[in-house]
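Engineer: Starting from these lines, generate the structure:
(one chain, ligands or ions: 1)
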Amino acid sequence: MEARPAPFTFDPISTALLVIDMQRDFLLPGGFGETLGNDVSQLRRTIAPLAALLAAWRAAGLTVIHTREGHLPDLSDCPPAKLARGAPSMRIGDEGPLGRILIRGEYGHDIVDELAPVPGEPVVDKPGKGAFYATELGELLDERKVVSLLVAGVTTEVCVHTTVREANDRGYECLVLADCVGSYFPEFQRVGLEMIAAQGGIFGWVADSTNVLRALR
Ligand code: C5J
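Structural biologist: All right, here's what the predicted structure looks like:
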């Protein structure tokens, strides 16, 4: 299929759609992300195209894996440096508008209703920005003989980038879906995507989900 910087070749059977951290804490108006002063519409524009791609990918019987960033209620898996970073007015584990911020089991930690996982789709809980660090993601992909990833989710320059870099080092071919990844900062979105496809695709490929939908037909 058409992609930047060059066409992307994949076999859907050995490709997983990896949906990163589409959580209420990041995306919902009134949620943690918005209380930090972020414009959540920059992330919310990814929901509709991703829902359409998920529907087509599921209808074709293909692999979907979701991730969620978050921590155990006692914060034993959260490095003190992550807790303190940026001296925020609200920290991970504090009571936020949608429950304790980024704590597993809380309402805000879960995935937005529009993209809710369906039975059989693994949900990987990750304590870090990268989806491979301290998770079972590598084993899940091995079991399913996955060699390529279509990457969607938020945020482009943080958890999407970290995961794509981790995946690249592990030998996966990554296509990042430009319309299905989002950043609160338009400039980071633009540059984040350029960085992936630069230098002949140093971390992978970039394309819109409509190109994938066309390739599936
Ligand atoms: C993610 C973050 N998911 N920005 N987290 O990107 O802290």
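
Engineer: can we go C-alpha only for contacts and neighbour counts from here?
Structural biologist: Fine.

Engineer: and the longest helix for the protein?
Structural biologist: For the chain, the helix that runs over the most residues, judged by DSSP state H, is helix 186-201.

Engineer: Help me see whether the lowest-mean-pLDDT helix or strand in the chain makes contact with the ligand, please.
Structural biologist: Within the chain, confidence by mean pLDDT, DSSP states H and E is lowest for helix 32-35 among all helices and strands, at a mean of 88. No - using Cα under 6 Å from any ligand atom, helix 32-35 never reaches the ligand; the gap is at least 8.8 Å.

Engineer: Can you show me the strands along this protein?
Structural biologist: With strands called from DSSP state E, the chain shows them at 15-20, 63-69, 95-96, 99-100, 123-126, 148-154, 173-182, 205-207.

Engineer: Make CSV out of those and add mean neighbour count, distance to F132 and mean pLDDT.
Structural biologist: Formatted as CSV, those follow (neighbours: other Cα atoms under 10 Å; distance: least, Cα to Cα, whole Å; pLDDT from 0 to 100):
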stretch, mean neighbour count, distance to F132, mean pLDDT
strand 15-20, 24, 12, 99
strand 63-69, 22, 10, 99
strand 95-96, 16, 27, 92
strand 99-100, 20, 24, 96
strand 123-126, 20, 8, 98
strand 148-154, 25, 13, 99
strand 173-182, 26, 14, 98
strand 205-207, 26, 19, 98
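
Engineer: hmm, who's touching stretch 129-140?
Structural biologist: Stretch 129-140 has contacts (Cα atoms under 8 Å, 6 or more residues apart in numbering) with 20, 67, 69, 124-128, 158-160, 162-163, 166-167.

Engineer: pLDDT (mean, whole number) over it?
Structural biologist: The pLDDT scores in stretch 129-140 average 98.

Engineer: now the end-to-end length of that stretch.
Structural biologist: 18 Å (Cα to Cα, to the nearest Å).

Engineer: same deal with stretch 110-125?
Structural biologist: End-to-end distance (Cα to Cα), stretch 110-125: 10 Å.

Engineer: got the contact list for the spatially closest residue to R165 that is not a sequence neighbour?
Structural biologist: Nearest residue to R165, sequence neighbours excluded (Cα to Cα, 6 or more residues apart in numbering): F203, at 6.3 Å. Counting by Cα under 8 Å, 6+ apart, F203 touches 164-165, 168, 174, 195-197.

Engineer: Tell me the one among the residues you listed nearest to the ligand.
Structural biologist: Nearest to the ligand, judged by Cα to the nearest ligand atom, of the contacts of F203 is V164 at 12.0 Å.
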